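K.L.:
Sequence first, then the predicted structure, then my questions.
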Amino acid sequence: MSFTVESKINENIARLTLTGALDSSTAPILQEEVMKIIPQNPLELVMYVEHLDFMASAGLRIIIFAKQKLGTQAKLILVKPQDQLIETLKMTGLIFSVVIVDQYPE
C-alpha cells in the first residue's frame, strides 16, 4: 500500500491531505511534513483524512506528536475521518484533543 501527503499553509492554517495507508513504514513521511509546519506556528492544523485507507498506531502517534508540538492555542482538525479512526480516537481519549468535522471551509 502507498501513502501520500500534500501540504499547504497560508494565513496561519496548515492543511495536510493524507491518502493511502499510514503505518510504521509511512509514518515518517507524515512526521517530516508536521516538522516542517510546526515552526510556522499555525493556529489550525487541518488533516484531510477521508482517503486514508488505514491508520496503524504509528499514525496515531504522529497525531499525538502534532498536537503536543502545536500547543494548546492551536486546533488540530480532522476532516471526514472514517468510523474506524473515530473509534480509535475514542478508545485512546484523543477524541477530546482534536476537532472532527465533515467539511472544512476552503
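P.N.:
Received it, and whenever you're ready, just let me know what you need.
K.L.:
The chain: helices as residue ranges?
P.N.:
Along the chain, counting by DSSP state H, helices occupy 27-37, 57-70, 83-92.
K.L.:
Flag the shaky bits of the chain, pLDDT-wise.
P.N.:
Along the chain, the parts satisfying pLDDT under 70 run over 1.
K.L.:
From Tyr104, how far out is Ser97?
P.N.:
Distance, Ser97 to Tyr104, using C-beta to C-beta, to the nearest Å: 17 Å. Any C-beta I mention is one placed from the backbone N, CA and C, and that applies to glycine too.
K.L.:
Can you give me every residue that contacts the residue nearest to Leu43 when sequence neighbours are not counted?
P.N.:
Residue nearest to Leu43 in three dimensions, not counting chain neighbours: Asn12, with 4.3 Å by C-beta to C-beta, 6 or more residues apart in numbering. Counting by C-beta atoms under 8 Å, 6 or more residues apart in numbering, Asn12 makes contact with Asn41, Pro42, Leu43, Glu44.
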